[in-house]
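Colleague: one predicted model, sequence on top.
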Amino acid sequence: METLRLSALRQYRILDTQPERRFDDLALLASYVCGTPMALITLVDEHRQWFKSRVGVSAAETSRAVSFCAHAIEQPDLFIVPDTLQDERFRDNPQVTGDPHIRFYAGAPLVTAEGYALGTLCVLDSRSRTLTADQRAALDALRHQVESQLELRRNLMELDEALAARDRADAEQAATMGDLRAALENLRRLSALMPFCSTCQFAMTIPADPAAIPIVTDGVVEVLEEKQWPKEDVMAVQLALQEAMANAIHHGCRDDAGKHVQCSVSCDDRGEVIIVVRDPGAGFDPDAVADPLETANLLKPSGRGIFLINELMDHVQFADGGREVRMRKQKRPSDLIPAKG
């Protein structure tokens, strides 16, 4: 039970923090309504009682071994010692025999919603006395206010952390998108050089995020259009590349945006484009993939991507245990392109 209580106390992350007026005001009010010169808001850990707020007491903490509050947190209700000199548990306590000469103590345990007593709101006097019924009720009410402030403080701290985490995630996403836009712009600048070179070769590595696929496909489309490929052939290459990239992200990377997919493209003036897409996954056996056109497989989603790629490209080969797909397509001569209309 004590281990769980200490764990609950640490969750509030309040030990050794700076004074806060919301707690100081409650300690001052407790001192006023109870008519005592001293009041404390204490938190009890393994070896000490630490004072979050204090009125009429100069020490910031005391040893748990001589703590009145260590007894109070074990009680379900107010713990009152009318005269410490008449109580064998406390008559020899150094806080009784020495400064601040405690003769009277009343402590209300601060209890979490789970039932763990973290410390107390307590009032003390250097003369023996007791509390009236109204003072007891007031001290109990103030105890609940301290508990509420503790919960509010923890909730605000957790909210701040959640908002900070969200801001970090937004910043990282914005940075990623900035990198992707820069990569796309670089690719477009590269494609602008196509009229001056007979062969285009480039390689890219993108995060395993479907949103990044257009960075590669748009660049390839621009390259083929610069090479004056027929529109139908450009679309076929674009669709095949989209499918290969999507398969690499979904199956190879398991949609983990922390992983990356590699793509290299080679295109020459002889009219051939070669595309290689590689992922870091476990791979697969292409020969074991069922034919999606067979009657038994018509309603199954598997195999459709490979079938589509094979239909769109002239030659498709899987390597390195299925982690790499190599695709080739030849540009059709203009005289073989069907006339429109």
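Modeller: Noted; the coordinates are in hand. Numbers count the residues shown, from 1 in each chain.
Colleague: name the helix or strand of this protein that has the lowest mean pLDDT.
Modeller: Least confident helix or strand of the chain, by mean pLDDT, DSSP states H and E, is strand 199-207 with a mean of 76.
Colleague: centroid-nearest residue for this structure?
Modeller: Centroid-nearest residue in the chain: Ala165, 5.9 Å away (criterion: C-alpha atoms, centre = their mean).
Colleague: next, that residue: secondary structure please.
Modeller: Put simply, Ala165 is helix when judged by DSSP: H, G, I helix; E, B strand; the rest coil.
Colleague: show me the strands in the stretch 51-200 of the chain, by range?
Modeller: Along the stretch 51-200 of the chain, counting by DSSP state E, counting those that start in this stretch, strands occupy 61-63, 79-81, 104-111, 117-125, 199-207.
Colleague: from the opening residue of stretch 112-128 to its closing one, how far?
Modeller: 31 Å (C-alpha to C-alpha, to the nearest Å).
Colleague: buried ones in it?
Modeller: For stretch 112-128, burial by neighbour count (16 or more other C-beta atoms under 10 Å) applies to Thr112, Tyr116, Ala117, Leu118, Gly119, Thr120, Leu121, Cys122, Val123, Leu124, Asp125, Ser126. (Glycine included, C-beta is placed from N, CA and C.)
Colleague: what's in contact with stretch 267-281?
Modeller: Identification of contacts with stretch 267-281 by C-beta atoms under 8 Å, 6 or more residues apart in numbering yields 198-201, 208, 220, 223-224, 227, 229, 237, 240-241, 244-245, 248-249, 251-254, 259-266, 320, 323-331, 333.
Colleague: what subset of the residues you listed is buried?
Modeller: Among those, those buried by neighbour count (16+ other C-beta under 10 Å) are 200, 208, 220, 223-224, 227, 229, 237, 240-241, 244-245, 248-249, 251-253, 259-261, 263, 265, 323-327, 329, 331.
Colleague: what's the average pLDDT for stretch 273-289?
Modeller: Averaging pLDDT along stretch 273-289 gives 85.
Colleague: do stretch 245-253 as well
Modeller: Mean per-residue pLDDT for stretch 245-253: 90.
Colleague: now the end-to-end length of it.
Modeller: Start-to-end, stretch 245-253 (C-alpha to C-alpha) is 11 Å.
Colleague: from the chain's centroid, how far away is the least confident helix or strand of the chain?
Modeller: Mean-position distance between strand 199-207 and its chain equals 32 Å (C-alpha atoms, centre = their mean, to the nearest Å).
Colleague: what comes up buried for the helix or strand just after that strand?
Modeller: On the C-terminal side of strand 199-207, the closest following helix or strand by DSSP states H and E is helix 213-226. For helix 213-226, the neighbour count (16+ other C-beta under 10 Å) marks Ile213, Pro214, Ile215, Val216, Thr217, Gly219, Val220, Val221, Glu222, Val223, Leu224 as buried.
Colleague: enumerate the beta-bridge partners assigned to the nearest residue to the fourth one once chain neighbours are set aside.
Modeller: On the basis of C-beta to C-beta, 6 or more residues apart in numbering, the spatially nearest residue to Val216 that is not a chain neighbour turns out to be Cys263, at 5.1 Å. Beta-bridge pairing of Cys263 under DSSP bridges involves Met204, Val277.
Colleague: assess the claim that Cys263 and Met204 are in contact.
Modeller: Yes: using C-beta atoms under 8 Å, Cys263 is in contact with Met204, at 5.3 Å.
Colleague: the closest residue to Thr176 other than its chain neighbours: how many residues sit nearby?
Modeller: What sits nearest to Thr176 in space, not counting adjacent residues and going by C-beta to C-beta, 6+ apart, is Pro207, at 6.6 Å. By the criterion of other C-beta atoms under 10 Å, Pro207 has 18 neighbours.
Colleague: could I get the full set of helices for the stretch 1-150 of the chain?
Modeller: For the stretch 1-150 of the chain, applying DSSP state H, counting those that start in this stretch gives helices covering 2-11, 21-34, 69-72, 94-97, 133-192.
Colleague: could you do the stretch 201-341 of the chain as well?
Modeller: Listed in chain order, the helices of the stretch 201-341 of the chain (DSSP H, counting those that start in this stretch) span residues 213-226, 231-247, 304-312.
Colleague: what helices and strands are in contact with the longest one?
Modeller: In terms of contact count using 3 or more C-beta pairs under 8 Å, 6 or more residues apart in numbering; DSSP states H and E, helix 231-247 is assigned the packing partners helix 213-226, strand 260-268, strand 272-278, helix 304-312, strand 324-330.
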